[in-house]
Structures are given as structure tokens and as C-alpha cells.
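[1] kindly return the folded structure for what I paste below:
(one chain, ligands or ions: 1)
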Amino acid sequence: MTSAVVVGSGPNGLAAALTLATAGVSVRVIEAAGSPGGGTRSAELTLPGLLHDECSAFHPLAVDTPFSRAAGLDAHGLEWCWPEIQYAHPLESGDGASAWRSATDTAADLGRDGPAWQAVFGELADRLDRISEDLFEPMLSLPHHPLDLALFGSLSALPASLLARRWRGPRAQAHGVHPVYAYAHVPSGWPGDATALVEAQIERFAPGFGERVLARHVRDVAAMSSYNANYVGGDIVTGANTPRQLVARPRAALDPYWLGTGLLYLCSAATPPGGGAHGMCGYNAAHSALRRLTRRG
Ligand SMILES: Cc1cc2nc3c(=O)[nH]c(=O)nc-3n(C[C@H](O)[C@H](O)[C@H](O)COP(=O)(O)OP(=O)(O)OC[C@H]3O[C@@H](n4cnc5c(N)ncnc54)[C@H](O)[C@@H]3O)c2cc1C
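    Numbering: from 1, shown residues only. Have a look, this model is predicted:
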């Protein structure tokens, strides 16, 4: 029987392991930390019984992918929780905007800016199945749905400031969540503590927030690096999200998962489609390995 060793039990390592095992490979997963899960672990970090996500907290990328469809995790008890409002953004003016689960509901909430929202995101939402099929694969492969991908590319390539000109100031929505979790992007290896800055920013838009905090758990860059050896210098997405890295991650190659020698593969978020708790890097890497095994006979 063919056997494989997967190093790391994050979503990508586990997706690779599951994909290989389903194909009949005997798989061993090696994990340095005391518990499995990598960037998807949860733990009681503040008060007893209060469960916090340690890293990833929102998992829309995992809901409908080739991996999630193949794995059928709902048959094993996976249930997704959907907030009524997906996310909200407060503005300096005191107004804000909320994203509902459907582009139509979001547009309805945006008043006179609704039609502009619907025109951009309504069409993308209708094509999401086809767009995501290509987005979850290496960019240097032939797209299955070139027209849908081109539409997505033409809109996402616009500078945010230009796209934002299509909206003129949506109205506010209030939304509260417990436990609260926030992080700030800081330079690689930064030695400081950004807690006060993060809380001050929330306080600006939600006065009284600070008084309601019962307990805190803080990880600075050094703690993040030692919590998970995959987060080098505190980098939470395992490699830069530069245009070059979006197209050729981690290097320009038709098979970016194969390390170019023997049966060694990279299956982490350092490979396409990159950071996020979706497991697609592991799923694609496992398929790359299975293809090579089949060719070797
Ligand atoms: C603070 C934070 C917030 C995030 N928020 C989101 C979010 O909201 N939504 C989202 O989709 N994504 C989010 N992400 C990104 C997402 O968590 C990662 O992209 C994803 O977990 C990467 O999966 P992975 O399997 O490649 O690696 P990881 O999840 O990092 O797992 C790697 C595993 O390998 C182990 N390991 C490393 N080196 C070794 C070794 N030498 N030997 C043995 N084991 C080893 C580690 O202990 C770890 O368990 C966030 C990440 C962070 C850190």
C-alpha cells in the first residue's frame, strides 16, 4: 500500500490527508502543537466556557469548494452558522454599511446606492460557483470559465478608491458580537503591542466598548510565530499577497505543489489559492501527488 506523511494538521494538511486517504493511501499526519487544527483551532482563552477562535474566525471560503464537496463534511456533523449580517463597516460620518447574505438584500439596505451595488455584486454572486472553481486553482492553469473569471478580474483589479466611487454613503446599522476578536496588520517581526490602538479604533465607532471588556487575551508577533511555526515573523497568510504571488505562488510553475524532486509536495497556504481556511491548497497538492503516482504506475 502506498503511504504518505503530511506535516501539519491545519486545514490544508488535513484536506491533503483526507484526500490521499480517500484515494487509498495510508496517511500519517505529524503535528508539532499539542492539538490539531492549525489556524482553525478554538480554545478558552479568556473566561471559562467562552470559546475563542485562535486564528481564523470566518469561514466563507470553506463552504462550497471542490474539497468541501468531495469531503462531504456535513454528513459527519459539520454545521455552518450564518449571521444575519455578514459584516458591517462604520464610516467617519457616523453612517455605515452592512452586507447581508444576498446581494439583493444588501442593495435594498443601501438606499440610492443599491442599484450600483446590485450591478456589481449581483452579477458576481450569480456567477460565484463558476468563478470560485477557477479561483481555487493555480492562476497559471487554463480557466474553466474564462468569461466569468474575466468579469471578476476586471472588477477586482479596480483600485478600491475607484470602485468605492460607485457608492455615495450608505446608512448605518448596529451589530454586536461576543466574544470580540480583532487583529492589526503590523510590519513583519514588529516587537510592539497594538492592543491599545485596536481598542481605541473600535471605541471611536462604538463608544463605551472598552468599559464592556471583561477579559483579554493578546498575542503579539513573537507569540504568533511561536504559536505556529507556519506563521514566520507573524505572517498569518504564509506568504505575501502581492500581484506576483497571486499569479505564481510560491514560484512560477505549472505544478506549484510539487517541490521539483522525488515525491515531495508543499500543501500549505504558501501554494495556490493562498491564505484562508479552505483546505484547497492541500486538496490540490494531494491531487498533484496522486496524478504523479498514477503516472509512475
Ligand atoms: C490571526 C489569524 C486570523 C485569520 N483569520 C482568518 C479568517 O477569518 N478566515 C480565513 O479563512 N482564514 C483566516 N486566517 C488564515 C488561515 O487560518 C490560514 O490561511 C490557514 O489556517 C492556513 O492553513 P494551513 O493548513 O496551510 O496552515 P496552518 O493552519 O497554519 O497549519 C499549519 C500546522 O502545521 C503545524 N506545523 C508547522 N510546522 C510544523 C513542523 N515543522 N512539524 C510539525 N507540525 C508543524 C502547525 O503547528 C500548524 O498546526 C487567519 C489566520 C490568522 C493567524
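
[2] which SS state does Thr271 fall under?
    coil (DSSP: H, G, I helix; E, B strand; the rest coil).

[3] what about the residue lying closest to it once chain neighbours are set aside, helix or strand, and which?
    Leaving aside its sequence neighbours, Thr271 sits nearest to Cys281 (CB to CB, 6 or more residues apart in numbering; 4.6 Å). Yep, even glycine has a C-beta here, placed from its N, CA and C like the rest. Cys281 is part of helix 280-296, with elements assigned from DSSP states H and E.

[4] which elements pack onto that helix?
    helix 11-22, helix 66-71 (3 or more CB pairs under 8 Å, 6 or more residues apart in numbering; DSSP states H and E).

[5] can you pull out the strands in the stretch 51-200 of the chain?
    Secondary structure of the stretch 51-200 of the chain, counting by DSSP state E, counting those that start in this stretch: strands at 52-53, 85-90, 96-100.

[6] by contact count, what packs against the last one?
    Contact analysis of strand 96-100 by 3+ CB pairs under 8 Å, 6+ apart lists strand 85-90, helix 103-109 as its packing neighbours.

[7] same deal with the first one?
    Counting contacts by 3+ CB pairs under 8 Å, 6+ apart, strand 52-53 is packed against strand 42-43.

[8] ok, residues contacting the strand it packs on?
    Leu51, His52, Asp53, Glu54 (CB atoms under 8 Å, 6 or more residues apart in numbering).

[9] look up the closest residue to the third one, ignoring the ones flanking it.
    The shortest distance from Asp53 to any residue that is not its chain neighbour, by CB to CB, 6+ apart, is 5.3 Å, and that residue is Ser42.

[10] quick revisit: the residue nearest to Thr271 - how many residues pack around it?
    Neighbourhood size, Cys281 [other CB atoms under 10 Å]: 31.

[11] quick check: it touching Gly275?
    No. Look at Cys281 against Gly275 with CB atoms under 8 Å: they stay out of range, at 9.1 Å.

[12] now for the two: what residues contact both?
    Joint contacts of Cys281 and Gly275 (CB under 8 Å, 6+ apart) are Ala269.

[13] what residues does the protein put near the ligand?
    Within the chain, the positions lying close to the ligand (CB under 6 Å from any ligand atom) are 7-13, 30-33, 38-40, 55-59, 61, 183, 228-231, 236-238, 268-269, 275-277, 281.

[14] going through these, which ones are buried?
    Neighbour counting over the residues of the chain next to the ligand (16 or more other CB atoms under 10 Å) leaves 8-13, 31, 38-40, 55-56, 61, 228, 230-231, 238, 268-269, 275-277, 281 as the buried ones.
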